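# could you look at this predicted model? Sequence included:
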Amino acid sequence: MKLITEYTNQIQYVTEAKENGGQHMIEGVFMQAEQKNRNGRIYPKKVMENAVGKYVEEQVKTGRAVGELNHPDGPTINLDKVSHRITELNWDGNNVMGKALILDTPMGQIVKGLLEGGCQVGVSSRGMGTLDQRNGTAVVNDDFMLSTVDIVQDPSAPNAFVNGIMEGVEWIWDNGLLKVQEVEAYETEIKKTPSKHLAEAQQKIFKDFLSKF
């Protein structure tokens, strides 16, 4: 079996009013069946129905369906990296429509800051299974097991993060996520980077930031 991940960016950011304050949510298409995705793989609907149904019963309904910001290298959930809890997974045709609550964890705060700053994020399913090659297409077999759905960075995320540093955006300081010395070091690196290498530097800084947790 191998780790299988799939990305989709058909996600919306919503804020729901509650008596004790607003809740930050994302919702949209979390997974898709019966069509070749950007990784050249197809999930038969029956395979995905079984995997999603089992995940809903064992994880979503018991409040244990948590996911991370960015994919780790394996199927295990790292609780120190958790950013959200999946609250709903429902079928709409061949699409699995999902909804997730952004948590008040360090990684959840990063997600909120990016979303509030207008940065688009995507989601990516993570699971284990085997593949069959059929007419040049990788078809996911019925041993597929869904581990979770993670929030993953859109290409705009590193840029939004660096802009937040340079502009002193308040969310970056929430929960002591960054020390003054680290912010100053990031600022110095950005200022001395030639414009033609700026995108590469932004990726490096964002990756370094996420590695601190």
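Perfect, I can see it now.

# tell me the helix or strand right after the lowest-mean-pLDDT helix or strand in the chain.
Taking mean pLDDT, DSSP states H and E as the measure, the chain has helix 157-167 as its least confident helix or strand, at a mean of 53. The element immediately downstream of helix 157-167 (helix or strand, assigned by DSSP states H and E) is helix 180-192.

# mind listing what residue 63 touches?
Contacts were defined as Cβ atoms under 8 Å, 6 or more residues apart in numbering; by that measure residue 63 touches residue 85. Where C-beta positions appear, they are placed from N, C-alpha and C, glycine not excepted.

# helix or strand for it, which one?
According to DSSP H and E, residue 63 maps onto no helix or strand at all.

# against residue 130, how distant is it?
Going from residue 63 to residue 130 by Cβ to Cβ, to the nearest Å gives 30 Å.

# list the contacts for the residue nearest the centre of the chain?
Computing the C-alpha centroid of the chain and ranking residues by Cα atoms, centre = their mean puts residue 151 first, at 0.8 Å. Contact partners of residue 151, counting by Cβ under 8 Å, 6+ apart, are 26, 67-70, 83-84, 100, 111, 121-124.

# between those, which is nearest residue 144?
Sorting the contacts of residue 151 by how near they are to residue 144, with Cβ to Cβ, puts residue 124 at the top with 14.9 Å.

# so where's this structure uncertain?
Along the chain, segments meeting pLDDT under 70 span 16-21, 154-181, 183, 210-213.

# try 50 this time
Within the chain, the set of residues satisfying pLDDT under 50 comprises 155-157, 167-177.

# where do the helices sit along it?
Remark: helices assigned in the chain by DSSP state H are 45-55, 106-116, 157-167, 180-192, 198-210.

# dump the ones you listed into CSV; add distance to residue 6 and mean neighbour count as well.
Written out in CSV, the entries for the helices of the chain read as follows (distance: least, Cβ to Cβ, whole Å; neighbours: other Cβ atoms under 10 Å):
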stretch, distance to residue 6, mean neighbour count
helix 45-55, 10, 17
helix 106-116, 19, 21
helix 157-167, 18, 19
helix 180-192, 32, 13
helix 198-210, 21, 16
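
# present the ones you listed as CSV; the columns should include distance to residue 22.
Conversion of those to CSV gives the following (distance: least, Cβ to Cβ, whole Å):
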stretch, distance to residue 22
helix 45-55, 27
helix 106-116, 11
helix 157-167, 21
helix 180-192, 27
helix 198-210, 25
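
# figure out which of the ones you listed is closest to residue 88.
Judging the helices of the chain by Cβ to Cβ, what sits closest to residue 88 is helix 45-55, at 11.3 Å.

# name the helices or strands packed onto that closest one?
Helix 45-55 is packed against strand 82-92, strand 145-153, with contacts defined by 3 or more Cβ pairs under 8 Å, 6 or more residues apart in numbering; DSSP states H and E.

# redo these as CSV? Include distance to residue 190.
Listed next are the helices and strands packed on helix 45-55 as CSV, based on distance: least, Cβ to Cβ, whole Å:
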stretch, distance to residue 190
strand 82-92, 25
strand 145-153, 18
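
# out of those strands, which one sits most buried?
Among these, judged by mean count of other Cβ atoms under 10 Å, the one packed with the most neighbours on average is strand 145-153 (a mean of 23).

# got the angle for it vs helix 106-116?
50 degrees (axes from the mean of the first three to the mean of the last three Cα atoms, to 10 degrees).
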